[in-house]
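1. Below is the structure, and that's it, no one-letter string:
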């Protein structure tokens, strides 16, 4: 059982988590249904309820869990899948995270810090595929880089390339100070992601032996500092496999509950990704999950934290991320075969600074969502620009009204993608799916969507309600 450092917050109680996980028996089907009914009412689950779902053994009960996770996601966000591109701007880092290619001591990668011109070059390549949303990824040095990140954000949001632009910038940066957040606030900063990676303290220290990220308690407190500093939203996340994954799910749920209780905001998103091999790292995940365990983790996270956006990456095996779209996932991180760093990663014999290993072009991901999953790809960025963030956003999610905005806005944004970026076959599929989705919308939402579509087809851009 992990120990707790003196400065660790009281909301993370490892003894209580271990006590809940001590349950070995599978619940009766009637109990499973009661728990799932609570999740369908969009009420967060407690640790004993989460563990009960983890202990389910009957195939029919597991099938019910997965199906209910999809129903919860549909109830909250509809059948849209939001698409975001990671944009790595710097791999200079002072931490020694054993699983990360950017770790300080890694000699297998080239160190790179993009200047504003290179940031714009990389962003243009993403825009030309149709991306509107990026998450800015950077290592964390011992000296503050916040002015650099703010400059990068402004460069991205001012960039226009023919028909497209970046409309939303989120951040994977690490823990900052209130003064540093004040600098970011001067830009149109989006969600600040502070991934704990694992809530199991012994495993955390094993994976993070040095540098700023080695501070377990400081990392736990980071999202609260961001919200107290006036940032609109925070995202949480797990590097599944670093610690016991069942322990981590309960720690994640406790963290989200704490943020909701203390700040009224909760976790805007939750990123679930598995630890994978990285160049220059011989680290093996001590608690590696198989595909079935990963999918169960996704579904139970959706049930346990019903209002959050669950974010996965297409770096997971294709069959896995595709199946996850039907059991609670609401967002995908995806790059492209023509990755935005190709001009400085293809030189023979040279080290790549950002070995992201991405193999999915945006059009390919969109085609899957249309052809097989019948989901609506979403490029919408209306909520943050209309001030729907933090407690206000969560309130809209919980009362079901956000879904009525998402449908028309996502349809309009997707039509913009189809007209300007899609291959002919993808556009044909997309037009057909939009027609189907319009028929499924309530009359007032359908009317709003059709008005937006008319504007987009006439050449207007960035239309939303």
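-> Ah, there it is. A quick note: this is a predicted structure, and the numbers were derived from the prediction, not measured.

2. now stretch 224-240, how far from the centre of its chain.
-> 12 Å (Cα atoms, centre = their mean, to the nearest Å).

3. try stretch 430-450
-> Counting by Cα atoms, centre = their mean, stretch 430-450 comes out at 27 Å from the chain centroid.

4. Relative to residue 271, how far out is the most centrally placed residue in the chain?
-> For the chain, the residue sitting closest to the mean C-alpha position, by Cα atoms, centre = their mean, is residue 311 at 3.0 Å. Applying Cβ to Cβ, to the nearest Å, the value for residue 311 to residue 271 is 5 Å. All C-beta spots, glycine's among them, are computed from the backbone N, C-alpha and C.

5. what's the overlap in contacts for those two?
-> Counting by Cβ atoms under 8 Å, 6 or more residues apart in numbering, the common neighbours of residue 311 and residue 271 are 235, 237, 333.

6. So which of those residues is surrounded by the most neighbours?
-> residue 235 (25 neighbours; other Cβ atoms under 10 Å).

7. State the mean pLDDT of the helix or strand hosting that residue.
-> Using DSSP states H and E, residue 235 sits in strand 234-240. The average pLDDT within strand 234-240 is 97.

8. Output the contacting helices and strands for it.
-> Here strand 234-240 touches strand 192-193, helix 216-228, helix 245-263, strand 269-274, going by 3 or more Cβ pairs under 8 Å, 6 or more residues apart in numbering; DSSP states H and E.

9. Only the buried residues of the longest one, if you could.
-> Taking 16 or more other Cβ atoms under 10 Å as the basis for neighbour counts, the residues of helix 245-263 that come out buried are 245-260, 263.

10. On the pLDDT front, check the closest residue to residue 291 other than its chain neighbours for me.
-> The shortest distance from residue 291 to any non-neighbouring residue, by Cβ to Cβ, 6 or more residues apart in numbering, is to residue 320 (5.3 Å). On the pLDDT scale, residue 320 is placed at 94.

11. Can you get me a residue count around residue 320?
-> Neighbour count of residue 320, defined by other Cβ under 10 Å: 16.

12. and it, which of the three is it?
-> helix (DSSP: H, G, I helix; E, B strand; the rest coil).

13. ok, now which ones touch it?
-> Here residue 320 is in contact with 291, 294, 295 (Cβ under 8 Å, 6+ apart).

14. Which one of those residues is nearest to residue 124?
-> Among those, residue 294 lies closest to residue 124 (Cβ to Cβ), at 34.0 Å.

15. correct me, but that closest one touches residue 276?
-> No - using Cβ atoms under 8 Å, residue 294 is not in contact with residue 276, being 11.7 Å away.

16. out of those two, which sits in the more crowded spot?
-> Taking neighbours as other Cβ under 10 Å, residue 294 and residue 276 compare with residue 294 leading, 24 against 15.

17. Okay, and the more buried one sits in which element?
-> helix 291-304.

18. strands paired with the helix or strand just after that helix, and their directions?
-> Using DSSP H and E, the helix or strand that follows helix 291-304 in sequence is strand 309-313. Under the criterion DSSP bridges, strand 309-313 sits next to strand 269-274 (parallel), strand 331-333 (parallel) in its sheet.
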